[in-house]
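[1] give me a 3D structure for the following:
(one chain, ligands or ions: 1)
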Amino acid sequence: MLEIKHLSKTYKGGKKAVSDLSLNIEAGDIYGFIGHNGAGKTTTIKCAVGIIDFEEGEIFIDGHSIKDEPVKCKSLTAYIPDNPDLYEHLTGIQYLNFIADVFAVSQEERTKRIQKYADIFELTSALGDLISSYSHGMKQKLAVISALTHHPKLLILDEPFVGLDPEASFKLKEIMRELCQEGSAIFFSTHVLDVAEKLCNKIAIIKNGCLVTAGKTEELTHGQSLESVFMEVVGHVETD
Ligand SMILES: Nc1ncnc2c1ncn2[C@@H]1O[C@H](COP(=O)(O)OP(=O)(O)OP(=O)(O)O)[C@@H](O)[C@H]1O
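    Coordinates of the predicted model:
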């Protein structure tokens, strides 16, 4: 579903953030992406969702190249950044309808999904309020609901659990599992290793822009905790 082949990204100014990184996220995968601060997770994610350009490598979503068919790729993908920047002058429901319009979701489907997910995240009563009045967590919940409104084949999340209360985190994990059972693929970055270990069937570890290891969670951990594996393979890094 998401195929990253030999990706390299150097920012203006010469910082090489990602180096020859390859990953394959298949339908049904909940794929965790972990690494130290500045390891290159967000950069990889932004390349995968077509927000930033990259000079080397290829990225395919459901077989379509992000460089050659960006609109097709984006129509299959939902991306939730670590700090969702939503249209503050819209109400929650206006925003959800806007996203549903962009993704051409039928009236019937959007009503059903908005109702379902707004109820799950207890945001229904706030949908008529301006987004500018929302707390950080409420904005995150709205971003999650907007992503689910178009039932993406590929869901990419950057640090999805930061800022969510324990109940919302629990519900999001349930929904992630449900989505994957229905054949979607999920790729997300996190620093919460316990969550990654329990939730993900596959995990990739990145260090200084390079992939250190990737594969099935149980094969990676071999009965150890993910935390000890992480400390072993990443060890001490100087971040800039
Ligand atoms: N716009 C930019 N311009 C120049 N350098 C950047 C830019 N964005 C990120 N970097 C650098 O690229 C490297 C990778 O950053 P990135 O944000 O991808 O890391 P990350 O793994 O997501 O980190 P964190 O866990 O702290 O969010 C870092 O050294 C960072 O300083």
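[2] what number of residues lie near the nearest residue to residue 141 once chain neighbours are set aside?
    Closest residue to residue 141 apart from its sequence neighbours, by CB to CB, 6 or more residues apart in numbering: residue 121 at 4.3 Å. (Glycine included, C-beta is placed from N, CA and C.) Applying other CB atoms under 10 Å, we find 23 other residues in the vicinity of residue 121.
[3] got the contact list for residue 121?
    Applying CB atoms under 8 Å, 6 or more residues apart in numbering, we find residue 121 in contact with 141, 144, 145, 168, 171.
[4] now the residues you listed in JSON lines, with pLDDT and distance to residue 34?
    Below are those laid out as JSON lines (pLDDT from 0 to 100; distance: CB to CB, whole Å):
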{"residue": "141", "pLDDT": "94", "distance to residue 34": "24"}
{"residue": "144", "pLDDT": "94", "distance to residue 34": "20"}
{"residue": "145", "pLDDT": "96", "distance to residue 34": "26"}
{"residue": "168", "pLDDT": "92", "distance to residue 34": "21"}
{"residue": "171", "pLDDT": "94", "distance to residue 34": "22"}
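[5] can I get those residues in CSV including secondary structure?
    Putting the contacts of residue 121 into CSV (DSSP: H, G, I helix; E, B strand; the rest coil) gives the following:
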residue, secondary structure
141, helix
144, helix
145, helix
168, helix
171, helix
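[6] ramachandran coordinates for the residue nearest to residue 141?
    With angles defined as degrees, to the nearest 10, residue 121 sits at phi -90, psi 10.
[7] the helix or strand where residue 156 lies packs against which elements?
    Assigned by DSSP states H and E, residue 156 belongs to strand 154-158. Contact partners of strand 154-158 among helices and strands, from 3 or more CB pairs under 8 Å, 6 or more residues apart in numbering; DSSP states H and E: helix 41-48, strand 77-80, strand 185-189.
[8] deepest of the ones you listed, which one?
    Comparing the helices and strands packed on strand 154-158 by mean neighbour count (mean count of other CB atoms under 10 Å), strand 185-189 comes out on top with a mean of 25.
[9] contacts only, for residue 75.
    Contacts of residue 75 by CB under 8 Å, 6+ apart are residue 103.
[10] quick check: it is in a helix.
    Yes - Residue 75 sits within a helix when classified using three-state DSSP.
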